[in-house]
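Chemist: Sequence plus predicted model, see below.
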Amino acid sequence: MNDLRFDAEGFFFSALDQARYQRLFETLVHRGKSVAMLCGLGTLVEHYGGRLLQDLRTRSDVILETYTASGADALLVRMNRLLEPLSLEEARGQGERQGALHVFVLHELDGFEEDEAALLARFAQDLPGARVALLFLGYRRKRLPEVLETSFRQSLHTWSISEPDDADLEALREAAEPLGMAEEVAPRLAQVKRERLLALLADGPEAIAAQPLPSPPEPAEKEPGHGDEPALDAVGAPGAGERSPAGPTETASETPSALSPLRSWPWLLGGAGLLFLLALALLREERSEPPSPTPAEDSAAPASEAELPADLSSSSPELPISSR
């Protein structure tokens, strides 16, 4: 298989996980050093931890033992049993290392007292001839408990497993289908998604609200001149603030309501001006040619002031008013 995520024994969530798993395996088996797997998702520690335990069981030079916190006295009894066939020099690693590697697997990391954690660290670190290494499996843990972290501050190889996102899970599912491993991959993917959802619900609504929203789909492009509506300004009038130039494909038939008033008002103004000029010409013509008087009007017309007698043209004297 060309894809490093898949092999005959199973699969990895990423090629980076495959490389880190191999490094951790070599540190534990070939160098005899204590290691730890930590992750906020217990499903990933269960997946890779189960694979590691399966690989260790197939080796004749490794002996697996489960260890739980039981106090310093119980640990001393166990140490004496392992150190009994060794001399002091051999226990300190001054001679050639012989015998199988004893791997203490720790599933439960709580409940350790300070003296027991310190004694366990000295047993694994200061007595390399005893051929004892520890395997910490931190389910839903991103760090070791403080008492263990303080005691194993040195010579502890830790693998903090990265949590895959939705894109990584989907890529793994698509890659597994053509290889015939979809049925093996699907349950693990479902467990990861379920555990992430439960973690969000446990953290409360604030953690759910902090999750990024999926980006909205991009709107489909519209053809110019079809279904486009003019933008409304503050008072609701289309294009009141600024008129954008028409596009190269815009015609008068496409927007008749917006273009017809602007194109018809010069003709209306010119027609009104022409009618005004015609009316003014007719009025001037009527004033320049007054109508001639009819004969009846000539005979009935009174004589002018020059033809009247002198006694009638002058003003008559005022008559005295008699009083009775």
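Modeler: Everything's here; your move.
Chemist: Can you give me the domain assignment for the chain?
Modeler: As assigned by automatic domain parsing, the chain contains the domains 14-163, 164-202.
Chemist: Relative to Asp3, which of those is closest?
Modeler: Counting by Cβ to Cβ, Asp3 lies closest to domain 164-202 out of the domains of the chain; the figure is 6.1 Å. (Glycine included, C-beta is placed from N, CA and C.)
Chemist: Regarding the closest one, how distant is the last residue from the first?
Modeler: End-to-end span of domain 164-202 (Cα to Cα, to the nearest Å): 20 Å.
Chemist: Turn the domains of the chain into JSON lines, columns for distance to Asp7.
Modeler: Formatted as JSON lines, the domains of the chain follow (distance: least, Cβ to Cβ, whole Å):
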{"stretch": "domain 14-163", "distance to Asp7": "8"}
{"stretch": "domain 164-202", "distance to Asp7": "10"}
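Chemist: Could you identify which of those domains is most buried?
Modeler: Highest mean neighbour count among the domains of the chain (mean count of other Cβ atoms under 10 Å): domain 14-163, with a mean of 16.
Chemist: for that one, how far is the first residue from the last?
Modeler: Across domain 14-163, first to last residue, Cα to Cα, it's 10 Å.
Chemist: cool, and stretch 123-143?
Modeler: With Cα to Cα applied, stretch 123-143 spans 22 Å between its terminal residues.
Chemist: follow-up on the earlier one: now the domains of the chain in JSON lines, with mean pLDDT and distance to Leu4?
Modeler: Compiled in JSON lines, the domains of the chain are given as follows (pLDDT from 0 to 100; distance: least, Cβ to Cβ, whole Å):
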{"stretch": "domain 14-163", "mean pLDDT": "93", "distance to Leu4": "4"}
{"stretch": "domain 164-202", "mean pLDDT": "94", "distance to Leu4": "11"}
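Chemist: Out of those, which is closest to Arg5?
Modeler: The nearest among the domains of the chain, by Cβ to Cβ, is domain 14-163 at 5.9 Å.
Chemist: All the helices of this structure, in order from the start?
Modeler: 15-29, 42-57, 72-83, 88-91, 114-125, 146-151, 166-176, 182-203, 205-209, 256-288, 295-300, 310-313 (DSSP state H).
Chemist: Hmm, Glu108 and Tyr67 touching each other?
Modeler: No - under the criterion of Cβ atoms under 8 Å, Tyr67 makes no contact with Glu108, lying 9.1 Å away.
Chemist: Contact partners for Leu53?
Modeler: Leu53 makes contact with Leu64, Val105 under the criterion Cβ atoms under 8 Å, 6 or more residues apart in numbering.
Chemist: for Gln54, same thing?
Modeler: By Cβ under 8 Å, 6+ apart, the contact set of Gln54 is Glu9.
Chemist: For Arg78, see how far away Gln154 is.
Modeler: Separation of Gln154 from Arg78 (Cβ to Cβ, to the nearest Å): 22 Å.
Chemist: And for Leu106?
Modeler: 13 Å.
Chemist: what's the answer for Gly42, then?
Modeler: When Gly42 is compared with Arg78 (using Cβ to Cβ), they lie 28 Å apart.
Chemist: what does Ala202 give?
Modeler: Between Ala202 and Arg78 the computed distance is 37 Å (Cβ to Cβ).
Chemist: Poorly predicted segments of the stretch 201-324 of the chain, please.
Modeler: Along the stretch 201-324 of the chain, segments meeting pLDDT under 70 span 203-324.
Chemist: what about stretch 154-165, how long is it end to end?
Modeler: Start-to-end, stretch 154-165 (Cα to Cα) is 32 Å.
Chemist: got the contact list for that stretch?
Modeler: 13-14, 16-17, 20-21, 23-24, 27-28, 33-41, 44-45, 48, 125, 142, 144, 172, 192, 196.
Chemist: Next: stretch 98-116.
Modeler: 28-29, 32, 53, 56, 60-72, 75, 82, 120, 124, 130-139, 141, 144-145, 147-148, 151.
Chemist: Could you give the bridge partners of the nearest residue to Gly138 once chain neighbours are set aside?
Modeler: Using Cβ to Cβ, 6 or more residues apart in numbering and skipping the chain neighbours, the partner closest in space to Gly138 is Leu38 (4.0 Å). Leu38 has these beta-bridge partners by DSSP bridges: Gly138, Ser160.
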